[in-house]
Every structure is written in structure tokens, then in C-alpha cells.
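A.B. asks: let me see the structure of the following:
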Amino acid sequence: QVQPVESGGGLVQAGGSLRLSCAASGRTLENYAVGWFRQAPGKESEFVASIDRTGLYTYHATSVNGRFTVSRDHARNVVYLQMDALKPEDTAVYYCGIGRDYCAGYGCSIADYGSWGRGTQVTVSS
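C.D. replies: Here you go, the predicted model:
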């Protein structure tokens with residue numbers, strides 16, 4: 001089983017940038033779509049972005065479109081979430097999920113991701 005591990009979170013001022021990483025221990029990420037979700041205190045988990053196995057197709061939530069970019073590096077076995085122009089409302093714990101075999105990235109719900117990391121905290125101050 002692919003077990004993802006997120007890193008790269010932190011405290012940043014509004015307008016700043018962070019790059020999150022999702023690495024895998026045990027197996028390659030190459031064969032799976034990967035999704036990023038976030039959960040703010042008192043709120044439900046929210047889809048942020050996803051990327052298909054090839055890295056050619058990416059999908060971003062409307063709330064982050066144009067500010068966040070998901071990408072992957074097969075050689076490094078890592079999926080990234082580049083976050084620019086951060087806003088206080090982006091504050092949340094960010095999780096990466098490994099897509100189940102049938103999940104190609106687009107339109108996959110949270111239930112279509114079978115393995116999750118522990119998350120990384122992103123805090124954006126105003």
C-alpha cells in the first residue's frame with residue numbers, strides 16, 4: 001500500500017507562497033492519481049486539486065484556480081502543490097490522497113482516494 005507523507009506547511013503572510021510536497025513511502029506514486037484536500041477548523045474537507053497518473057491533466061477547485069498549481073515529478077516520486085497569493089481563508093490542514101485504481105483524477109470524490117497522509121498545517125495571517 002502506498003502511504004503518502006505531506007510536508008511543506010507553515011505560517012505565511014497573506015500574499016505569500018508555500019510549496020507542499022506529497023511523497024510516498026514503500027511504493028511508487030507513478031501509477032496513481034493524487035489529490036489534495038484541505039480541512040479548516042469546524043469545516044468539512046474540501047477538494048483543492050488533483051493530478052492524473054501521467055501528470056498531463058490537472059484539476060483545481062475554483063477557489064484556488066489561478067493561485068495554486070498541482071504537479072508531479074515521477075523521478076523524485078513526489079507530487080507538489082504550489083500555493084501562491086495565499087489568503088487567510090486558505091488556512092487549513094492539507095492532505096494528499098492516493099487515488100484508487102479507478103480514479104483518474106478528474107471528478108474523484110474524497111471516497112475515491114484510498115490512502116491518506118497525516119496532513120500538513122498551512123496558516124495564512126492577514
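
A.B. asks: and residue 38, what pLDDT?
C.D. replies: If you check residue 38, the pLDDT there is 98.

A.B. asks: likewise the one 10 residues further on?
C.D. replies: pLDDT, residue 48: 97.

A.B. asks: pull the contacting residues for it.
C.D. replies: 35-38, 60-61, 64, 68, 81, 94 (Cβ atoms under 8 Å, 6 or more residues apart in numbering). Any C-beta I mention is one placed from the backbone N, CA and C, and that applies to glycine too.

A.B. asks: same check on residue 13?
C.D. replies: The contact partners of residue 13, taken as Cβ under 8 Å, 6+ apart, are 124-125.

A.B. asks: relative to residue 71, how far out is the residue most central in space within the chain?
C.D. replies: Of all residues in the chain, the one closest to the mean position by Cα atoms, centre = their mean is residue 36, 2.5 Å from it. Here residue 36 is placed at a distance of 11 Å from residue 71 (Cβ to Cβ, to the nearest Å).

A.B. asks: picking up where we left off before, hey, what's the residue nearest to the centre of the chain bridged with?
C.D. replies: Partner residues in beta bridges with residue 36, using DSSP bridges, are residue 49, residue 96.

A.B. asks: kindly report the same for residue 83.
C.D. replies: Counting by DSSP bridges, residue 83 forms beta bridges with residue 18, residue 68.

A.B. asks: from residue 102, how far off is it?
C.D. replies: Plainly put, residue 83 is 28 Å away from residue 102 if you go by Cβ to Cβ.

A.B. asks: the two: which has the busier surroundings?
C.D. replies: Between residue 83 and residue 102, residue 83 has the larger neighbour count (other Cβ atoms under 10 Å), namely 26 against 8.

A.B. asks: surely the more buried one meets residue 70?
C.D. replies: No - counting by Cβ atoms under 8 Å, residue 83 stays clear of residue 70, with 10.0 Å between them.

A.B. asks: common neighbours of those two, please.
C.D. replies: In contact with both residue 83 and residue 70: no residue, using Cβ under 8 Å, 6+ apart.

A.B. asks: can you give me the strands in this structure?
C.D. replies: Using DSSP state E, the strands assigned to the chain run over residues 3-7, 10-13, 18-25, 34-39, 46-51, 58-60, 68-73, 78-83, 92-99, 113-116, 120-125.

A.B. asks: good, wrapping up.
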